[in-house]
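[1] model the following, please.
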Amino acid sequence: MEDLMTPRLRLRRWRGSDLDPMTRINADPEVMRWIGDGSVFDRTGTAAEIAAFEKIWDAHSFGRFAVELRHTGELAGFTGMAIPTDVPEVMPAVEIGWRLGRAFWGRGLATEAATAALRFAATGTDLDRVVGIHVVGNEASARVMRKIGMRFERETVETVYGQPVHVYAIDVGVQ
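    Predicted structure coming up:
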């Protein structure tokens, strides 16, 4: 797979050198506030997460991209697709998501990265539809979903932590 380029970002597969910067991102309680039970990830947890991202890539030819700043090469976080098994009510489905380090918030980078990932879903995969799932209260995530053209579909509960979530969706297949 070729890297995806936006004006400010490069979306690419994961490298070994991404582990330490992604661990720093995952160690920030504010970044992880809306993820799972809000616990931070250490280096081992981050390595397992990246390995899971790569496993999805290998199995489905889509997955979570590492997102880096083009002008510095600094890892900002991730965006891309996953399988939302924790929300069985929407299955079968593919979910778009993102997580950026706090230093990268408030600049439109999540929207820029997610837009590129959706374009990849529309042109580089056989996906017809993508959902977005966010924990109720995470309004920053909901704003990104709306900015990239997703529409609110339903409220439900994810099964791992029992949290209420909002499901958004967008058609990405050829119309």
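[2] please tell me I have it right and Phe41 contacts Ala27.
    Yes. The criterion here is Cβ atoms under 8 Å, and Phe41 meets it with Ala27 at 7.0 Å. Placement of C-beta: from N, CA and C, glycine included.
[3] who's more crowded, those two?
    Per other Cβ atoms under 10 Å, whichever of Phe41 and Ala27 has more neighbours is Phe41, with 20 against 16.
[4] and stretch 103-122, what's its mean pLDDT?
    Mean pLDDT, stretch 103-122: 97.
[5] how about stretch 8-20?
    For stretch 8-20, the mean per-residue pLDDT is 98.
[6] list the buried residues of it.
    Using 16 or more other Cβ atoms under 10 Å as the test for burial, stretch 8-20 gives 8-12, 14, 18-19.
[7] over to it now: how far is its first residue from its last?
    Start-to-end span of stretch 8-20 (Cα to Cα, to the nearest Å) is 22 Å.
[8] and it, how far out from the chain's middle?
    From the chain centre to the centre of stretch 8-20 is a distance of 14 Å (Cα atoms, centre = their mean, to the nearest Å).
[9] quick one: contacts of the longest helix along the chain?
    Longest helix of the chain, by residue count under DSSP state H: helix 43-60. Applying Cβ atoms under 8 Å, 6 or more residues apart in numbering, the contact partners of helix 43-60 are 1, 13-14, 18-20, 22-23, 26, 41, 62-64, 78, 80-83, 125.
[10] mind listing which of these are in helices?
    Per DSSP H, the contacts of helix 43-60 map to helices at 19-20, 22-23, 26.
[11] export these as TSV, with columns for distance to Pro88.
    As requested, the ones in helices among the contacts of helix 43-60 are exported to TSV (distance: Cβ to Cβ, whole Å):
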residue	distance to Pro88
Leu19	31
Asp20	35
Met22	28
Thr23	30
Asn26	26
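[12] Glu139: which of these is nearest?
    Ranked by distance to Glu139 (Cβ to Cβ), these are led by Asn26 at 21.5 Å.
[13] buried set for the longest helix of the chain?
    For helix 43-60, a neighbour-count test (16+ other Cβ under 10 Å) marks 46, 49-50, 53, 56-57 as buried.
[14] then stretch 97-106?
    By 16+ other Cβ under 10 Å, the buried positions in stretch 97-106 come out as 97-101, 104.
[15] dump those into a markdown table; add distance to Gly137 and secondary structure as well.
    Listed next are the buried residues of stretch 97-106 as a markdown table, based on distance: Cβ to Cβ, whole Å; DSSP: H, G, I helix; E, B strand; the rest coil:
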| residue | distance to Gly137 | secondary structure |
| --- | --- | --- |
| Gly97 | 16 | strand |
| Trp98 | 17 | strand |
| Arg99 | 16 | strand |
| Leu100 | 18 | strand |
| Gly101 | 21 | coil |
| Phe104 | 21 | helix |
